[in-house]
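Visitor: Structure for this input, please:
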Amino acid sequence: MRHVLIAAVLALAALPALAAEDDIVLRGMGSFHVGGRIAEVSGRPVREIVRIPGGPPSKLDPNGQFMVEQMYVQYFLPRQRKGKLPLLMWHGGGLTGVTYETTPDGREGWLNLFVRKGWDVYVSDAVERGRAGFASPDVWPSEPIFLNYADPFERFRIGDGEGSWNADPTKRKVLPGSQFPAEAYDNYMKQAVPRWLSTDKVVVDAYLALVDKVCPCVLLLHSQGGAFGFKVAEQRPDKVKAIVAVESATAGDQHPRWAAYKKTDLAYAAAVRAGGGTVDVINLPDMGIKGNSHMLMQDKNNAEIADVIQTWMVGKGLVE
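Guide: From the prediction side, this is the model:
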């Protein structure tokens, strides 16, 4: 009898695990790099370095060929696919694809939420960001720029405008009604990466390579990603079937920079309509959804906003 029980246990162990109702079940996932080129560097002096403390000196030759300007992409394909096309999520300036992953306070981000809704989701780190890597000053002569700790807090509708930041968390002035998890702001700033001001063309080139590889598709763009996305769509109108631009190169109206961006975005929308295209401008406060920061996909009501986007895409016939 004992052997029969053991055999039964072994047989059960061989069965595939049953998925819980709230599990994310994938038919595939993976990652790849796309785009890039070989850059040639010559005429630079060779020098000696010590690669490991206490190790022997060795030569560092900065000359030769280098792979540069590639982009990193990861993808998640749900078993029950409902979106008719892949959904490509592009991040904003000084950020990476982490924008769409787990929120700074540990909740599910839009990557998870849209996979749950049945979309094949592709999240990327653009050229110069994160796992895409960056090039040496011999290839990119301009210097990187960095956001200081106070800037997003005061400019992204997290804090109550200029002067709301304080190094002491107890003295920071959070915008009243803010949906951003301000208690996790320090964790948010760990996502920040340098960006360059001279690489826009190579960023667009890599995005074009991505669109050529995986599209037709829908683009979900945030902030600076919107500036890139519209340029790509103009060059690949047959492959980009719809765009969801989330505060495209803008962060609302509480800072003069963003007011200018919004004016540009609305003018672009008018031009698309004049050319026969369809543009819907969704202002969340008009729907009774208030308090969102520039980082809507990380706000406490990110699932509610994801539902707004999903409803729009359903209405456009993009969902099975």
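
Visitor: Run through the residues that contact Val218.
Guide: Counting by C-beta atoms under 8 Å, 6 or more residues apart in numbering, Val218 touches Gly83, Leu85, Pro86, Leu87, Leu88, Val240, Lys241, Ala242, Ile243, Val244, Met313, Leu318. From N, CA and C alone the C-beta is placed, and that goes for glycine too.

Visitor: And His91, by the same measure?
Guide: Residues in contact with His91 (C-beta under 8 Å, 6+ apart) are Gly97, Val98, Thr99, Tyr100, Ser124, Asp125, Ala126, Arg129, His222, Ser223, Gln224, Gly225.

Visitor: still on that earlier bit, taking the contacts of Val218 one by one, which sit in helices?
Guide: Met313 (DSSP state H).

Visitor: Break down the stretch 1-150 of the chain into its helices, ranges please.
Guide: In the stretch 1-150 of the chain, the helices defined using DSSP state H, counting those that start in this stretch lie at 2-14, 110-116, 150-155.

Visitor: could you say what helices and strands the shortest one packs with?
Guide: Taking 3 or more C-beta pairs under 8 Å, 6 or more residues apart in numbering; DSSP states H and E as the contact definition, the neighbouring helices and strands of helix 150-155 are helix 185-189.

Visitor: Next SSE downstream of the helix it packs on?
Guide: Tracing the chain C-terminally past helix 185-189 and defining elements by DSSP states H and E, one meets helix 200-214 next.

Visitor: so where's the stretch 201-320 of the chain shaky on pLDDT?
Guide: In the predicted model of the stretch 201-320 of the chain, residues 250-258 satisfy pLDDT under 70.

Visitor: residues of stretch 234-251 that come out buried?
Guide: Neighbour-count burial for stretch 234-251, counted by 16 or more other C-beta atoms under 10 Å, picks out 236, 239-251.

Visitor: In these, find the pair that's most separated.
Guide: Spatial extent of the buried residues of stretch 234-251 (C-beta to C-beta) is set by the pair Lys239 and Ala251 at 28.6 Å.

Visitor: thought Gln80 was touching Gly118?
Guide: Yes. If you go by C-beta atoms under 8 Å, Gln80 and Gly118 touch, sitting 5.7 Å apart.
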